[in-house]
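Enquirer: got a structure for you, letters missing:
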């Protein structure tokens, strides 16, 4: 299963204690939209990597160019990567449930401040993003995940499925 959206070694170095995380992590300036609130990300999303300059991330994105992410209102989060587009929402939800039940890890998402999304794996910081709420070309909800200040260039576009 696809386990790495963005290698978090730099993020882990930035985070010493939970209170220090908010002071040290900074979002990049917005290019579009507005800073995400957590309510903006709740739901089922198709995600596509546009830019990934992290070591190994470009190769992984070439092999698994799409992933499906689910953010729950309680902070629960799950995702998986694939080499093909999927369109059947119930099937995607079932796959997410199956991976969640068998992968042995617990993922949580939280918005530390507007536009600063932190993902935790088994309680430890795993990935951090600048999160921008916007719409796609058809006017449907979308959001863009980009890198935090000081991290390798990353741009992921999320399109709402549910």
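Expert: Alright, I've got the coordinates. Worth saying up front: this structure is predicted, and the values here are computed from it rather than measured.

Enquirer: tally of neighbours for the closest residue to residue 107 other than its chain neighbours?
Expert: Distances taken as C-beta to C-beta, 6 or more residues apart in numbering put residue 77 closest to residue 107, at 4.3 Å, once the chain neighbours are dropped. In this view, the C-beta of every residue, glycine as well, is placed from N, C-alpha and C. Neighbourhood size, residue 77 [other C-beta atoms under 10 Å]: 23.

Enquirer: just residue 67 next, same as before
Expert: Count around residue 67 with other C-beta under 10 Å applied: 19.

Enquirer: likewise residue 111?
Expert: Residue 111: 18 surrounding residues under other C-beta under 10 Å.

Enquirer: quick check: it is in a strand.
Expert: Yes. Residue 111 forms part of a strand when assessed by DSSP: H, G, I helix; E, B strand; the rest coil.

Enquirer: quick check: it touching residue 130?
Expert: No. Residue 111 lies out of contact with residue 130 (C-beta atoms under 8 Å); the separation is 11.3 Å.

Enquirer: ok, residues contacting the helix or strand in which the residue nearest to residue 107 is found?
Expert: Per DSSP states H and E: residue 77 is located in strand 76-82. With C-beta atoms under 8 Å, 6 or more residues apart in numbering as the test, strand 76-82 has contacts from 1-2, 5, 47, 60, 64, 66-71, 95-97, 99-100, 107-109, 119.

Enquirer: of those, which belong to helices?
Expert: Those of the contacts of strand 76-82 mapping onto helices are 60, 95-97, 99-100, per DSSP state H.

Enquirer: for those residues, work out which two are farthest apart.
Expert: Maximum pairwise distance among the ones in helices among the contacts of strand 76-82 (C-beta to C-beta): 23.5 Å, between 60 and 97.

Enquirer: compare the two (neighbour count), which wins?
Expert: Shown here are residue 60 and residue 97; by other C-beta under 10 Å, residue 60 has more neighbours (18 against 12).

Enquirer: tell me the predicted confidence for the more buried one.
Expert: We have a pLDDT of 72 for residue 60.

Enquirer: repeat for residue 87
Expert: 90.

Enquirer: so it belongs to a helix, correct?
Expert: No. Going by three-state DSSP, the assignment for residue 87 is coil, not a helix.

Enquirer: so residue 145 makes contact with residue 155?
Expert: Yes. Applying C-beta under 8 Å, one finds residue 145 in contact with residue 155, separated by 7.5 Å.
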